[in-house]
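**Q** got a sequence here, can you model it:
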Amino acid sequence: MRDLPVRFSGPDATFAARLVLTAAVTAVASVPFALALVLVESRWPPLHRLDRAAAEWLHEAALGHPGWVRVLGVLTDFVWDPVTLRLLVALLALWLLTRRAWRLAAWASVTAVAGALTGVLVKVLVERARPRLPDPVAHAPGYSFPSGHAMTAVTSCAVLLLVLLPLVPRAWRPLAWAFAVVSAVGVGYTRVALGVHWVSDVVGGWLLGLAVVTATTLVFEAWRADTGRRRTTVTREGLEPELSTAAPEPPLDVRDVPDGRDVRDVRASSAEGR
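**A** Predicted coordinates for the structure are as follows:
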């Protein structure tokens, strides 16, 4: 084992195990949450009335503004389409690999995949029908709860934001957050306005997306602590602030660590030497 790089043992092995385990636990834990939410939606009259009222009001508005419907269609089918957003995350992961940011690329990939799988799993288990409106202006296949568009928007925007935030000038970071929030909210609006989702579908997608991102982010922060890196304020600095100055350091080989010393001590000594 002495010839293996640190990224395959020690803190990195713990990081990988935590990342996979947390993603799996989040997926399983989301199922009863989603089922409970659907039961509340189907039996609690105030929420049922909200879903129905919002769907009917937005449907009437859509019928009266065909040009606006076309704009919403372009936004939901191209700009904010799950395929587009996942492609952006994939390109981001590839770019991180060129920067030798192995763990950050793993976090981005696992977060996106875990979000997609969790959404599909809950849809199949809940089997909620989509809204049926007179003279529909749009159609969508599959089940309704949770909204896959809304969930993908949350996970993808969070991944892009938390990875790229260190590269954004500090004064512009609130705008980056605003853009991410507007995108997630905008996706939800388009799905309800086009009559292919209930309001509660969109809220469910947002909540599940946030659960996945929170879980994997906690794992990444735990890995940073295990390797002796300082804790960060994720909402202000992103997941890995070091990305703004240089590529993350190459993994330190175990054979370079003297017996009896911790890898974190060697990293700290190296940092002080610079």
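**Q** give me every residue that touches Glu237.
**A** Leu165, Pro166 (Cβ atoms under 8 Å, 6 or more residues apart in numbering). To be clear about C-beta, it is placed using only N, CA and C from the backbone, and glycine gets the same treatment.
**Q** how much space separates it from Val181?
**A** Glu237 sits 18 Å away from Val181, going by Cβ to Cβ, to the nearest Å.
**Q** go on, Gly238?
**A** Noted for Gly238: a distance of 16 Å to Val181, by Cβ to Cβ.
**Q** more neighbours: those two, which one.
**A** Remark: of Gly238 and Val181, Gly238 carries more neighbours, 23 against 13, as counted by other Cβ atoms under 10 Å.
**Q** wait, the more buried one sits on Leu162?
**A** Yes - look at Gly238 against Leu162 with Cβ atoms under 8 Å: they come within range, at 5.2 Å.
**Q** look at Pro134 and report its pLDDT.
**A** According to the prediction, Pro134 has pLDDT 79.
**Q** how about it, secondary structure?
**A** Following DSSP: H, G, I helix; E, B strand; the rest coil, the label given to Pro134 is coil.
**Q** do the same with Pro141
**A** Per three-state DSSP, the local secondary structure of Pro141 is coil.
**Q** could you pull out the helices for the stretch 101-250 of the chain?
**A** Ranges of helices within the stretch 101-250 of the chain are 102-126, 148-164, 173-193, 199-226, 234-237, based on DSSP state H, counting those that start in this stretch.
**Q** what ranges of the stretch 101-250 of the chain fall below the confidence cut-off?
**A** Low-confidence regions of the stretch 101-250 of the chain, defined by pLDDT under 70, span residues 246-250.
**Q** please repeat the previous calculation with a cut-off of 50.
**A** Counting by pLDDT under 50, the ranges of the stretch 101-250 of the chain that qualify are 249-250.
**Q** wait, doesn't Pro241 sit right on Val168?
**A** No - the pair Pro241 / Val168 is not scored as a contact, 11.5 Å apart, by Cβ under 8 Å.
**Q** and for these two, which residues touch both?
**A** In contact with both Pro241 and Val168: no residue, using Cβ under 8 Å, 6+ apart.
**Q** so which elements touch the helix or strand encompassing Leu87?
**A** Leu87 is part of helix 82-98 when elements are defined by DSSP states H and E. For helix 82-98, the packing partners by 3 or more Cβ pairs under 8 Å, 6 or more residues apart in numbering; DSSP states H and E come out as helix 102-126, helix 148-164.
**Q** winner for burial among the helices of the stretch 101-250 of the chain?
**A** helix 148-164 (a mean of 26; mean count of other Cβ atoms under 10 Å).
**Q** show me how far that helix is from its chain's centre.
**A** 4 Å (Cα atoms, centre = their mean, to the nearest Å).
**Q** do stretch 96-114 as well
**A** Chain-centre distance of stretch 96-114: 12 Å, with Cα atoms, centre = their mean.
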